[in-house]
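Colleague: quick one, what's the 3D model for this:
(2 chains)
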Amino acid sequence: MAMRARQKIRAPRRGLTAGKTDDFETNWGSLSTSLKKIHTKDASDISFELLYRNAYGIVLSNRGSDLYERTKTLEKEWLDSQVKAGVTAAITSSLILAKEQVDVLDQANERRDAGERFLVAIKEAWEDHQLCMGMITDVLMYMDRVLAEHRKPPIYVAAMVLFRDHVLRSPIRADSKTTVYDVLESTVLFMIQLERSGHIIDRPLIRHCIYMLEGLYETIAEEESSKLYLTVFEPAFLEASKKFYQAEGRRLLETGDAATFCNTATERLSEEITRCTDTISLSTESKIKDILDNELIRNNITEVINLEGTGVKTMLDNDRIDVLQSVYVISARVDDKKAPLIAAVQKRIVEMGKEINASAIAASQASILGVGKKSEPNTSGEKKPAEKEKPVNQQTVAAIKWVDDILALKQKFDNIWLNAFQSDQVMQGAISSSFSEFINLSQGSADSRSSEYLSLFFDENLKKGIKGKTDSEVDALLENGITLLRYIKDKDMFEAYYKKHLSRRLLMKRSVSMDAERQMISKMKMEVGNQFTQRLEAMFKDMTISEDLSSGYKQHVRRASDPDQKKIELDINVLTSTMWPLEIMSNVKNDKVQLPCIFPKEIESVKQSFERFYLGKHNGRKLSWQSSMGTADIRATFQRSNGKTQRHELNVSTYAMIILLLFNDVPARGSLTYTEIQERTRIPDHDLIRNLQSLAVAPKTRVLKKEPMSKDVKPTDKFVFNHDFQSPFLKVRIGVVSGSANKVENQDQRKETEKKMGEERGASIEAAIVRIMKQRKKLPHSQLMTEVLTQLSARFVPDVNMIKKRIESLIDREYLERVEEDPPTYGYVA
Amino acid sequence: MSASTSSQPEYVTLVSGDGFEFVVPRSTACVSGTIRRMLDPSSRFSEAISGRCALENISGVVLEKVCEYFCYHQKNKNQTHVPDMDIPPELCLELLMAADYLDT
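Modeller: Residues are numbered from 1 along each chain as shown, chains lettered A, B, ... in the order given. Next comes the predicted model:
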């Protein structure tokens, strides 16, 4: 490097422009001829190098801006004279006239052909211009480079501006105000219109014209937002689309078919999206979607959903999942809440639910009439017990049918929700609330039996329904029931019924599977909470303890066995009185204390022995015997008139056992009257009649003979032990007439249940109030109300008046005090 | 030149003002913006058709150096720590002018 540094840098031997004249005019002359040749596509014999060197020379000799202006003028003249003429020549009168809609078909065809020719002309003019300007820009590249420092737009941009002004914005005729662009716009819109009405158009052609509009800008700065497409064409297109879809919406509504509307709307949507990708510009997609959403869907969706005969109601009825889905999709487009759709669905659910309610009530009323009639035909005697039970159970059947119907309805809507509504959360909430609405519709009035029905449903299934079903089926069945439980607001009511039914199942050992019972309890626990199932679980616990107790007692008897005592086996259930349903436990009926019935002495001794055993274990407890709930197996010997003896094992209720044991002490063929039996046993009238009916009237289990023979048991009737009793089986089960089956309550029972319910609720409300006040010490009335309501809503919906009364009563009893009058505030009295 | 012996099937000929011809791969020649435009097939100038670019105002000595630079540029594209190219000082000015002309 050091050696070289001494060398001189010599001036170039020959300047690059040496040997060339600096004459601008000469250079421009040859350049302009070549540029024109480029325009006429005759460039193949022109040397790029020559042109470039020419332009380079001009720029080097500081005539760059002159070159720029000359080129511009040349372009302007070319566009004005040649290009514009070519384009305007393609404009026919039909294109100018037809600014308005042309509906006549041949006219439309004519216009379409003319339009296509025109579009082709424009497209070609534009593409030629682009290509030529590309070449010219290449040639004049050096000029652009130098002039960029003088803040002139590149020649290409300048030429595009020229094209815009001298072709697109030039009037088509000297005396006309219509510009070429106006014709272009109306033609393109016309084409799109044609396509919307089902014709096939030349999409790529339009696409090219749109490209042109996208390539041209309002300003020379060429900002994105100043594209001619965005500034001029798009608004026009959107406006035209808006009009079109307003008209379309009206037209579709007039045809009055919701399904068509939805399908069309869906199709139009995808059509417009395709149009944006294939025919016009992608950037318009969201805008045209908005137009569709607003004009076609939002403005019409409510009417469509409520269309008579084809709307959502009909779709739901006919399970039109596909249509519902498109209704859902288009509703979801315009409205997150989908209010009209939800309203329609909810309305239909409630309607259908009410129908189910009504039919259940109708069925149960019909069966009440049936019960009234029942006694008459049966006087003739020989009717099968199964048939005899039927009318009684009709209400139960109605109840179970009600649950099944609702489950079917729920299933239907779950299906729709899953398949048509894309598992939408909002829709699910709406559907659930509608179910809850009609299930609780007449809560508190005499018609509402949802809690009872549901409990009966479980009862029926746990007793019979789940026989022979797999675990998963049972699970699904119970799960369904639980779903309905979720909708029931007055859960305490359900608890009461369930408890009653459960106790019957447990004591009578009617339950098919204890596993299923426990499963049910745990499901309820998950659904409603610990508090709810506490007592139910306690019932199960009592049952287990009782089993241990019974076996313990048996061992005790065996150890201290008394040889002369007759062997009587005792299985006993010791129940905690607060946990089990009241009506079973109470000895009080019709405000009259019922004396315990008199047991035969054999039984009495067993009873006393057990009492001693039990109280020995648990001191201080009180045992009260519920003879109405038990059963007994006794062995009866029948002495036939021919001297033979026949033994049968009879499975009877405790009362029936007591009655039958009476006949042990009666001399052979002796009789007892009804009053005698009652005096000796002190069995309550109601139970006695029922038991005697099953022993003496029911045809297959006539262990006693009654005189006179009739259906009803009267106090004067006489009963004789029937030695001629016949049965094909060794073991005979004698059920108590209409005693054990769980069925729908009659009006009186309902009233009683409701009364009890009311008391229980009152207690719960008081407990809640006291709990809250103890914690807060001082609370305004309205706040106390809300807190009580939220605390209790898991179990039932408390009546506001009831809460007020309870507050009053607590104040009277000095648990609370009024602290202030305005706003009314209470204080807790410790 | 190594470039002239290249096995690239597509090559172009660069002709200097005093008649020297340099055959170089098309991609190599296109390092120059001017030559690239000259050879752009869509514009259909005579050079694009014939694949022969006569560069009237560049001498053979300079054009040889230019071609050397084209190769050097292509070889060392996207690389760091590239050794300097050897440029004889007497050619400096002419090379600069050629660079301006060729938009390199």
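
Colleague: quick one: A:G827 is in a strand?
Modeller: Yes - under the criterion used here (DSSP: H, G, I helix; E, B strand; the rest coil), A:G827 sits inside a strand.

Colleague: and the strands in chain B?
Modeller: Remark: strands of chain B, listed N- to C-terminal, are B:11-16, B:21-25, B:52-55; assignment by DSSP state E.

Colleague: could I get these in a markdown table, plus columns for distance to B:C67?
Modeller: Glycine gets a C-beta too; all of them are placed from N, C-alpha and C. Converted to a markdown table, the strands of chain B look like this (distance: least, C-beta to C-beta, whole Å):
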| stretch | distance to B:C67 |
| --- | --- |
| strand B:11-16 | 7 |
| strand B:21-25 | 5 |
| strand B:52-55 | 11 |
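
Colleague: and the residue positioned nearest the centre of chain A, how far from A:G616?
Modeller: In chain A, the C-alpha nearest the mean C-alpha coordinate belongs to A:Q428, at 2.5 Å (C-alpha atoms, centre = their mean). In this structure, A:Q428 lies at 59 Å from A:G616, with C-beta to C-beta, to the nearest Å as the measure.

Colleague: torsion angles phi and psi at the closest residue to A:Y826 other than its chain neighbours?
Modeller: Closest residue in space to A:Y826, ignoring its immediate chain neighbours: A:L816 at 4.8 Å, by C-beta to C-beta, 6 or more residues apart in numbering or on different chains. A:L816 adopts backbone torsions of phi -120, psi 160, taken as degrees, to the nearest 10.

Colleague: is A:L816 in a bridge, and if so with what?
Modeller: Under the criterion DSSP bridges, A:L816 forms beta bridges with A:Y828.

Colleague: tell me what the worst-scoring helix or strand of chain B on mean pLDDT is packed against?
Modeller: The least trusted helix or strand in chain B, going by mean pLDDT, DSSP states H and E, turns out to be helix B:46-50, with a mean of 79. Taking 3 or more C-beta pairs under 8 Å, 6 or more residues apart in numbering or on different chains; DSSP states H and E as the contact definition, the neighbouring helices and strands of helix B:46-50 are helix A:48-60, helix B:33-39.

Colleague: let's see 7 Å
Modeller: Using 3 or more C-beta pairs under 7 Å, 6 or more residues apart in numbering or on different chains; DSSP states H and E as the contact definition, the elements that helix B:46-50 packs against are helix B:33-39.

Colleague: how about the helix it packs on, does it reach chain A?
Modeller: Yes - using C-beta under 7 Å from any C-beta of the partner chain, helix B:33-39 reaches chain A at B:33-34, B:37-38.

Colleague: average pLDDT across that helix?
Modeller: Mean per-residue pLDDT for helix B:33-39: 84.

Colleague: so for that helix, what gets flagged as buried?
Modeller: B:34-39 (16 or more other C-beta atoms under 10 Å in any protein chain shown).

Colleague: number of nearby residues for A:I521?
Modeller: Residues lying near A:I521 (other C-beta atoms under 10 Å in any protein chain shown) number 18.

Colleague: can you list the domains in chain A?
Modeller: Split into domains by automatic domain parsing, chain A comes to A:24-226, A:227-312, A:339-529, A:547-617, A:631-733, A:749-828.

Colleague: can you list the low-confidence ranges for chain B?
Modeller: Scanning chain B for pLDDT under 70 picks out the ranges B:1-9, B:43.

Colleague: biggest helix in chain B by residues?
Modeller: Among the elements of chain B assigned as helix by DSSP state H, the one spanning the most residues is helix B:60-75.

Colleague: next, give phi and psi for the residue nearest to the centre of chain A.
Modeller: Comment: the main-chain dihedrals of A:Q428 come out as phi -60, psi -50, following degrees, to the nearest 10.

Colleague: got the residues of chain B near chain A?
Modeller: Proximity of chain B to chain A (C-beta under 7 Å from any C-beta) is limited to residues B:33-34, B:37-38, B:40, B:43-47, B:49, B:53-57, B:89-90, B:92-94, B:97, B:101, B:103.

Colleague: out of these, which are buried?
Modeller: Buried subset of the residues of chain B next to chain A (neighbour count, 16+ other C-beta under 10 Å): B:34, B:37-38, B:40, B:43-47, B:53-55, B:57, B:90, B:94, B:97, B:101, B:103.

Colleague: in terms of helix, strand or coil, where does A:N415 fall?
Modeller: Under three-state DSSP, the three-state class of A:N415 is helix.

Colleague: for A:T266, see how far away it is.
Modeller: A:N415 sits 21 Å away from A:T266, going by C-beta to C-beta.

Colleague: more neighbours: the two, which one.
Modeller: More crowded of A:N415 and A:T266, by other C-beta under 10 Å: A:T266, with 16 against 12.

Colleague: what sits against the residue nearest to A:S450 when sequence neighbours are not counted?
Modeller: When the adjacent residues along the chain are set aside, A:S450 lies closest to A:I439, with 4.9 Å between them (C-beta to C-beta, 6+ apart). Taking C-beta atoms under 7 Å, 6 or more residues apart in numbering or on different chains as the definition of contact, the neighbours of A:I439 are A:353, A:450, A:487-488.

Colleague: list the buried residues for the longest helix of chain B?
Modeller: Using 16+ other C-beta under 10 Å as the burial criterion, the residues of helix B:60-75 that qualify are B:61-72.

Colleague: between those, which sits nearest A:F233?
Modeller: Ranked by distance to A:F233 (C-beta to C-beta), these are led by B:F70 at 45.5 Å.

Colleague: pretty sure that closest one is touching B:S27, no?
Modeller: No - the pair B:F70 and B:S27 does not pass the contact test of C-beta atoms under 7 Å, sitting 9.4 Å apart.

Colleague: mind jotting down where the helices sit in the stretch 601-750 of chain A?
Modeller: For the stretch 601-750 of chain A, applying DSSP state H, counting those that start in this stretch gives helices covering A:601-617, A:654-662, A:674-681, A:685-696, A:747-776.
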